[in-house]
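>>> I would like the atomic coordinates for the input below:
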Amino acid sequence: MRRSACAIIWIGLVLALPIDAWAVPFGVSDILSNFNAVVQGNFSTSSDVAGPVAIGGNISGTGTFFNQGLPMGSAFSGFGSVNVYGNASNASYNANMIVVDVGGTGSNATFSGASAVRYGVSYPISFASLWAPLTALSTGMSTLSPTSAAALPAAGANNAVLSATAATVKGYGKVGVIDISASLLQSYTGVSVALNGADTVIINVTGNFTGNPNFQNGSAYRSNVIWNFVDATSINLGSYGIEGTVLAPYATVTNSNPIEGTLVAAAYVGTGEIHYYPFSGQAAFLNSFATPIPEADGLVVLSIGVATLAWRRRQTRA
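Residues are numbered from 1 along each chain as shown. As a prediction, the model looks like this:
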């Protein structure tokens, strides 16, 4: 009777798991669409961030976090809008009616207006698990061959246009791939991207970048473009900002004008805003570069339950 009772209890626990615990594994596209910034190391700004952030290191500085009614999605249950895996120190932020979660401690840290500020938080997944798909994405995209037939604009060009050529890449159509060096890109006075029928454009940029070009007509392409800074360790966007998703997993990124899209960086020190314009190209194409992150909590409980039931059954037969 006792063994049967234990079995019933375990089955009840498993069936009682919240729906979120049964969510399917989520991919790199979910990370890019659910966070405005993912920073591996330390984060500091003196300006605004419009959407949710995940910070692997510590947070300092002073600025404003707000959430434009953006859903975090069931794949990210257990996260707040501001998620700091490290500590909050010398940080003074406005956090307008949002949840701030800090894995470590707070020292001289305030988040005015937050709906909740919680320290010592245990996140549902490690930061390393969140970070690994992003580095895999950057590395994988860097190996793609360019699809564009058009020559790149000459160095020093004004109103330069990076013209995409839509093609089938890895079995996915309407994908454009452009390769450009940071030195050439930063030589332009102004630059824009022509999609030309592509809904996903990867621009692989090699070398460290110091922003000079004025990124023009961004609303026409920002949600379809990923600037993949393949090997940069330093990116200074200066007073020009950038239009589109910035994927720079090895770089410290600085800016004094807005980043109009998701930021992925090794570290961030900014005086410019980060605006929430998530990538809206092909999710399946992005997810093909990285192993999905499993929904760990539900699987762990389920595994324990199944193992316990099996053990109980063997004991009964014995």
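>>> now residue 135: which helix or strand?
helix 127-142 (DSSP states H and E).
>>> ok, and what's touching that helix?
Applying CB atoms under 8 Å, 6 or more residues apart in numbering, the contact partners of helix 127-142 are 27-28, 31, 38, 40, 54, 56, 85, 177, 202, 204, 226, 228-230, 247, 249, 264, 286, 289-293. (Each C-beta comes from the backbone N, C-alpha and C, glycine too.)
>>> just these: which are in helices?
Of those, the ones assigned to helices by DSSP state H are 28, 31, 286.
>>> adding distance to residue 79 and pLDDT, write the residues you listed out as a markdown table.
Output for the ones in helices among the contacts of helix 127-142, formatted as a markdown table (distance: CB to CB, whole Å; pLDDT from 0 to 100):
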| residue | distance to residue 79 | pLDDT |
| --- | --- | --- |
| 28 | 16 | 96 |
| 31 | 11 | 94 |
| 286 | 20 | 98 |
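>>> most surrounded residue in the residues you listed?
Greatest neighbour count in the ones in helices among the contacts of helix 127-142, by other CB atoms under 10 Å, goes to residue 28: 28 neighbours.
>>> my guess is that residue contacts residue 288. True?
No. If you go by CB atoms under 8 Å, residue 28 and residue 288 don't touch, sitting 9.4 Å apart.
>>> run through the strands of the stretch 101-250 of the chain in chain order.
106-112, 116-119, 160-163, 167-169, 172-181, 190-194, 200-206, 209-210, 214-215, 225-229, 234-236, 242-243, 245-255 (DSSP state E, counting those that start in this stretch).
>>> is it possible to export these to JSON lines including mean pLDDT, distance to residue 139 and mean neighbour count?
Below are the strands of the stretch 101-250 of the chain laid out as JSON lines (pLDDT from 0 to 100; distance: least, CB to CB, whole Å; neighbours: other CB atoms under 10 Å):
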{"stretch": "strand 106-112", "mean pLDDT": "97", "distance to residue 139": "35", "mean neighbour count": "16"}
{"stretch": "strand 116-119", "mean pLDDT": "96", "distance to residue 139": "34", "mean neighbour count": "14"}
{"stretch": "strand 160-163", "mean pLDDT": "97", "distance to residue 139": "22", "mean neighbour count": "20"}
{"stretch": "strand 167-169", "mean pLDDT": "98", "distance to residue 139": "16", "mean neighbour count": "16"}
{"stretch": "strand 172-181", "mean pLDDT": "98", "distance to residue 139": "14", "mean neighbour count": "20"}
{"stretch": "strand 190-194", "mean pLDDT": "97", "distance to residue 139": "22", "mean neighbour count": "21"}
{"stretch": "strand 200-206", "mean pLDDT": "98", "distance to residue 139": "11", "mean neighbour count": "24"}
{"stretch": "strand 209-210", "mean pLDDT": "96", "distance to residue 139": "18", "mean neighbour count": "19"}
{"stretch": "strand 214-215", "mean pLDDT": "96", "distance to residue 139": "25", "mean neighbour count": "20"}
{"stretch": "strand 225-229", "mean pLDDT": "98", "distance to residue 139": "9", "mean neighbour count": "26"}
{"stretch": "strand 234-236", "mean pLDDT": "98", "distance to residue 139": "17", "mean neighbour count": "21"}
{"stretch": "strand 242-243", "mean pLDDT": "98", "distance to residue 139": "21", "mean neighbour count": "26"}
{"stretch": "strand 245-255", "mean pLDDT": "98", "distance to residue 139": "9", "mean neighbour count": "24"}
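>>> save those strands as TSV, and put in distance to residue 278 too.
Output for the strands of the stretch 101-250 of the chain, formatted as TSV (distance: least, CB to CB, whole Å):
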stretch	distance to residue 278
strand 106-112	24
strand 116-119	25
strand 160-163	21
strand 167-169	21
strand 172-181	18
strand 190-194	17
strand 200-206	13
strand 209-210	22
strand 214-215	17
strand 225-229	11
strand 234-236	20
strand 242-243	13
strand 245-255	8
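>>> so which of those is nearest residue 275?
Residue 275 sits nearest to strand 242-243 of all the strands of the stretch 101-250 of the chain, at 9.9 Å, using CB to CB.
>>> show me what that closest one is packed against.
strand 259-260 (3 or more CB pairs under 8 Å, 6 or more residues apart in numbering; DSSP states H and E).
>>> measure stretch 279-292 end to end?
18 Å (CA to CA, to the nearest Å).
>>> if anything else comes up later, I'll come back, but that's it for now.
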